[in-house]
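> just coords:
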């Protein structure tokens, strides 16, 4: 009963996040070589595995703590859509999704949000077990759609996530082993 209640609350929060993200997106980001700010991801977990419809998994949702090279820290949440119902070597093509970074320190408060755009991919080593466990390398291109608070008129235009999707993490929540994430989020000015 507690799990059903938890999932119900989670779905309401997820729906609110998805609805609050602006619709317009740059679908062809071209990032300069040097990022404006880089965030290092620590202790990220998958909080919802998503649902599969017509061989596309929608809404695989991750939440992670992040530390910026500008002295800020925050929380990244990302909802990823990819081809295939499960991790599959050599890769799963990412077909969309959304992300939000909430920054909370060093006098900067607010959110930056955007879309996950193509080309984006998760590459697998080929050691997928029958239960779909492995560590994948994620390369995701990001657009910046807008922001709130100190980031309401953000000059950021695009970003890139380079990290890992670890399905053999050993972390258990409510008796289920959940994938973890780590990596780097780089954001670029217009």
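Received it, and whenever you're ready, just let me know what you need. As the structure is a prediction and not an experimental result, all values here were calculated from the model.
> just give me the neighbour total for residue 90.
Neighbourhood size, residue 90 [other C-beta atoms under 10 Å]: 9. For the C-beta atoms, the positions are set from N, CA and C on the backbone; glycine is no exception.
> going forward, begin numbering at 237 instead of 1
That works, and once the first residue is 237, the last one we named lands at residue 326.
> where does the chain have low pLDDT?
For the chain, the stretches with pLDDT under 70 are 237-270, 362-369, 405-406.
> what residue lies at the spatial centre of it?
Closest to where the C-alpha atoms of the chain average out (C-alpha atoms, centre = their mean) is residue 314, at 2.9 Å.
> secondary structure element for the closest residue in space to that residue that isn't next to it in sequence?
Once flanking residues are discounted, residue 314 sits nearest to residue 335: 4.2 Å by C-beta to C-beta, 6 or more residues apart in numbering. Element membership for residue 335, per DSSP states H and E: strand 327-339.
> could you pull out the strands in this protein for me?
Secondary structure of the chain (DSSP state E): strands at 273-284, 287-289, 292-304, 309-319, 327-339, 346-360, 371-383, 392-402, 408-409, 412-413, 416-425.
> so how far is the third one off the chain centroid?
Its chain's C-alpha centre lies 3 Å from the corresponding centre of strand 292-304 when counted by C-alpha atoms, centre = their mean, to the nearest Å.
> can you list contacts of it?
Strand 292-304 is touched from outside by 250, 273-288, 309-322, 331, 333, 337, 339, 415, 417-418, 421, with contacts defined as C-beta atoms under 8 Å, 6 or more residues apart in numbering.
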